[in-house]
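Visitor: need the 3D shape of this:
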Amino acid sequence: MPAARASKKSDAVSRPAASGHRRTGRPRTATASSRIHSDLRAELVSLRRRPGEAISEAEIALAYGVSRTPVREAILKLSDEGLVEIFPQSGILVSRIPLAALPEAIIIRKALEETTARLAAERATSSQILSLRSILERQREANTAKDNDAFHHADEAFHATIAEVAKYPGIWRLIQQVKIHVDRYRRLTLPQSGRMAQVIAEHEAILTAIEAHDPPRAGTAMERHLERLLADISATQNINPEFFDQKS
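Guide: From the prediction side, this is the model:
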């Protein structure tokens, strides 16, 4: 087991350099910390760094060509977000998805996005509807290619664009703060058979209502779409128990 963990750590810290993230010189601490935080956060939310995996400050600092100070600042911020756990005597571990926190986060998101869907149905222009159609087509292509990352990014763009069409983009920024663990959980649902096709069908229902300028139908379609996340928690946790923290 120690050898396997060491291998995972080695793979994890090699990613920034392999993808062109390695820095030359020594950037300002604030800039380096922000970049490291952003990169690590993306890896944690996408589950490229798996719950329970160890994180080494020293190895990350080496990969980015910086001191450990900006790495420590980034790690502390990730800890505040609940994405990593810091154990003074044991090290740093990727946190598991807190099962008890998911329902509340989904309910908050559902309430807010029901509102943006309704407002988008009132305010959408023809060009904005075309933009949403284009995003939905990207999701269809990602589903055909079985590209979970592309599908997830298009999904985010679909919901963010609805908030923009509603003229309340700040609502989406607020949702992003609330749904960080929901995003980790959602990543586990995408490989399930038929899941991406179901999401596309639900998005199509939302978009059809927006295109028809039917606010009540758009709001209802969004609610039904997000309620599925609530319904799927138990099944997803049963399939991937090692990813979840079941403490209440």
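
Visitor: what is the neighbour count of Ser38?
Guide: 12 (other CB atoms under 10 Å). Where C-beta positions appear, they are placed from N, C-alpha and C, glycine not excepted.

Visitor: that one and Gln177, how far apart?
Guide: In this view, Ser38 and Gln177 are 15 Å apart by CB to CB, to the nearest Å.

Visitor: how about Asn240, phi and psi?
Guide: Main-chain dihedrals, Asn240, degrees, to the nearest 10: phi -130, psi 60.

Visitor: residues contacting it?
Guide: For Asn240, the contact set (CB atoms under 8 Å, 6 or more residues apart in numbering) comprises Leu188.

Visitor: Pro191 should be in a strand, yeah?
Guide: No. Using DSSP: H, G, I helix; E, B strand; the rest coil, the assignment for Pro191 is coil, not a strand.

Visitor: tell me who's in contact with it.
Guide: Here Pro191 is in contact with Asn148 (criterion: CB under 8 Å, 6+ apart).

Visitor: number of nearby residues for the residue lying closest to Val182 once chain neighbours are set aside?
Guide: Nearest residue to Val182, sequence neighbours excluded (CB to CB, 6 or more residues apart in numbering): Ala105, at 5.0 Å. Using other CB under 10 Å, Ala105 is surrounded by 20 other residues.

Visitor: again, but for the one 10 residues further on
Guide: Thr115: 17 surrounding residues under other CB under 10 Å.

Visitor: touching, it and Ile171? I think so.
Guide: Yes. Using CB atoms under 8 Å, Thr115 is in contact with Ile171, at 7.2 Å.

Visitor: low-confidence ranges in this protein?
Guide: 1-30, 248 (pLDDT under 70).
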